[in-house]
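Undergrad: Sequence and predicted structure, then a few things I'm wondering about:
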Amino acid sequence: MKTELGAKNCLYPMPTVLVGALVNGKPNYVTIAHVGIMDLESVSLGMNKRHYTNQGIKANKTFSVNIPSAALVKQTDYCGLVSGKTAAKADIFKTFYGKLKTAPMIEQCSINMECELVKTVDFPNHDVFIGKITNTYCDEAILTEGEVDFEKVQPILFVMNNQSYYGLGKKFAKAWSVGKELNK
């Protein structure tokens, strides 16, 4: 038997990221879990219009997506609790820049994606930013045979239902393979 929940989004858990942008010439980071894959080289960010970072994304047409590990959960949560209007959140990180020069990235995050803004979709309470990834930077320590090993990354996953963070579980099947067993 199924229980009706109403129009409840249950696509959680979602990866928790730190979105970086230059706002009034200074780096700022905000914690976002409403991130998506548009295609293999594009991402989307669903960001409440009240976020200070939004104005930097709109002004510079660039942003970064930084993937923190579980070891950075306190810093990541902090960046979602305070506003860049009143706190210099970038001061808790070491910031670096790539080729775009206006998309600040966090050295302590093992994966950083530098993005150009392609489109902004205006929702009533949110800006949905769609960006093309222009470059990805990665710590060598999280690579296995030249590929990102997410067990080494230990990303922070967010669940809205109980407003909690989770860790990534172990790989249990191979995509585009396990289903072949039913093709007999």
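TA: Structure received.

Undergrad: Could you report the pLDDT at the closest residue to residue 111 other than its chain neighbours?
TA: Leaving aside its chain neighbours, residue 111 sits nearest to residue 67 (4.1 Å; criterion: CB to CB, 6 or more residues apart in numbering). Using the backbone N, CA and C atoms, a C-beta is placed for each residue, glycine as well. On pLDDT, residue 67 comes in at 98.

Undergrad: The closest residue to residue 171 other than its chain neighbours: which element?
TA: Spatial nearest neighbour of residue 171, chain neighbours left out: residue 151 (7.4 Å); criterion: CB to CB, 6+ apart. Following DSSP states H and E, one finds residue 151 within helix 150-153.

Undergrad: now do residue 121
TA: strand 111-122.

Undergrad: Okay, now the sheet partners of that strand, with direction.
TA: Paired neighbours of strand 111-122 in the sheet (DSSP bridges): strand 62-67 (antiparallel), strand 126-138 (antiparallel).

Undergrad: what does that strand rub up against?
TA: Under the contact criterion CB atoms under 8 Å, 6 or more residues apart in numbering, strand 111-122 has outside partners 42-43, 57-58, 60-67, 98-100, 103, 105-106, 127-139, 142, 148, 153.

Undergrad: Give me the pLDDT for the residue nearest to residue 171.
TA: pLDDT, residue 151: 94.

Undergrad: I'd say it and residue 170 touch.
TA: Yes. In terms of CB atoms under 8 Å, residue 151 counts as a neighbour of residue 170; the distance is 7.1 Å.

Undergrad: on that earlier part again, C-terminal to the helix holding residue 151, what's the next element?
TA: Scanning onward from helix 150-153 (DSSP H and E), the first element met is strand 157-159.

Undergrad: Show me which parts of that next one are buried, residue by residue.
TA: Neighbour-count burial for strand 157-159, counted by 16 or more other CB atoms under 10 Å, picks out 157-158.
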